[in-house]
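*Asks:* sequence first, then the predicted structure, then my questions.
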Amino acid sequence: MMDAKTTRDQVVRDAKSTLILDAALKVFSEKGFHEARLDDIAVAAGFSKASLYNYYEDKESIFLNLLIRMHEKIIETLSAGIQKDQHILENLTSMLRSILKIYYENFSFSMTMSDLKSMAPVSIEKFQKHHESLMMRFKEHSAQMLELSVNVFSNARARGEIKSSIDDKTLAEFVTALIHGVLFDCKARGKIEIDEKLISNIREFLVKGIGIFPKPM
């Protein structure tokens, strides 16, 4: 059990860590991952560059912590909006609105996420190995988000709301891929909107599919 001083010190450290992340979010959003420098983050946070190392190892660890924080927000929002006894369409609509809202609020930063993928394969491997614990947390959060979606389909299937023979995990992965495709299109257009028409179109596609007619004989 921590004493009062240790508790105060941890509160102060957490507050400063958050301050650095908030400043880094602004810098990454404006400059992108590759162009952002620790010096920029230090200035934005009101720290010296040397003092940043008391909280984060390097620019990459700051970036990964921002990604993890964003995933935690998504998980928190999805968990609050998904109801076990709620119809699947209502749960899926809630999920779509939540994800689009978070990406809307963090659009400029989300545009930088693909920057890491532009690294050479050797660099990516080195990056992941050097930040193994953070990458593990990131992957655990991704798995948790998928699990939330799988549970939505599993509960809906138990209530007889799904007739597809495709297993729940695959269905969840398909919907996740669909959402990623929508977000990729938003990135390409340089903007993202919380569009009820878009949500309605996705709902209709999930319910009715493409509506392909049998091939004429």
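*Replies:* Cool, got the structure. Note that the structure is predicted; figures quoted are calculated from it, not measured.

*Asks:* before we move on, what's the pLDDT of residue 138?
*Replies:* Residue 138 is assigned 88 on the pLDDT scale.

*Asks:* let me fix that: residue 114
*Replies:* Listed pLDDT for residue 114 reads 64.

*Asks:* can you check the one 5 residues further on too?
*Replies:* On the pLDDT scale, residue 119 is placed at 63.

*Asks:* okay, and the helix or strand of this protein with the least pLDDT?
*Replies:* One helix or strand of the chain scores below all others by mean pLDDT, DSSP states H and E: helix 121-130, with a mean of 73.

*Asks:* quick check: next helix or strand after that helix?
*Replies:* Sequence-wise, the next helix or strand downstream of helix 121-130 (DSSP states H and E) is helix 132-158.

*Asks:* just the angle for the least confident helix or strand of the chain relative to helix 132-158, thanks.
*Replies:* With axes from the mean of the first three to the mean of the last three Cα atoms, to 10 degrees applied, the angle from helix 121-130 to helix 132-158 works out at 90 degrees.

*Asks:* got the CA positions of helix 121-130 in PDB?
*Replies:* Output in PDB follows, covering the C-alpha atoms of helix 121-130 (Å, rounded to 0.1, in the frame of the first residue of the first chain):
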ATOM      1  CA  PRO A 121      10.000  -4.200 -43.000                       C
ATOM      2  CA  VAL A 122      13.300  -4.300 -41.100                       C
ATOM      3  CA  SER A 123      12.500  -1.000 -39.400                       C
ATOM      4  CA  ILE A 124       9.000  -2.200 -38.400                       C
ATOM      5  CA  GLU A 125      10.500  -5.400 -36.900                       C
ATOM      6  CA  LYS A 126      13.100  -3.400 -35.000                       C
ATOM      7  CA  PHE A 127      10.400  -0.900 -33.800                       C
ATOM      8  CA  GLN A 128       8.100  -3.700 -32.600                       C
ATOM      9  CA  LYS A 129      11.000  -5.500 -30.800                       C
ATOM     10  CA  HIS A 130      12.200  -2.400 -29.100                       C
END
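
*Asks:* closest to the centroid, which residue in this structure?
*Replies:* Among the residues of the chain, the one closest to the centroid is residue 71, at 4.1 Å (Cα atoms, centre = their mean).

*Asks:* counting neighbours, what do you get for the nearest residue to it once chain neighbours are set aside?
*Replies:* Counting by Cβ to Cβ, 6 or more residues apart in numbering, residue 71 lies nearest to residue 141, which is 3.9 Å off, once chain neighbours are set aside. Quick note: C-beta positions are derived from backbone N, CA and C, even for glycine. The tally of other residues near residue 141 (other Cβ atoms under 10 Å) stands at 18.

*Asks:* what's the domain layout of the chain?
*Replies:* As assigned by automatic domain parsing, the chain contains the domains 1-56, 58-208.

*Asks:* which helix or which strand is home to residue 198?
*Replies:* If you go by DSSP H and E, residue 198 is part of helix 196-208.

*Asks:* tell me how far that helix is from the chain's mean position?
*Replies:* 22 Å (Cα atoms, centre = their mean, to the nearest Å).

*Asks:* pLDDT of it, averaged?
*Replies:* Computed over helix 196-208, the average pLDDT equals 87.

*Asks:* just checking, what packs against that helix?
*Replies:* helix 88-105, helix 168-189 (3 or more Cβ pairs under 8 Å, 6 or more residues apart in numbering; DSSP states H and E).
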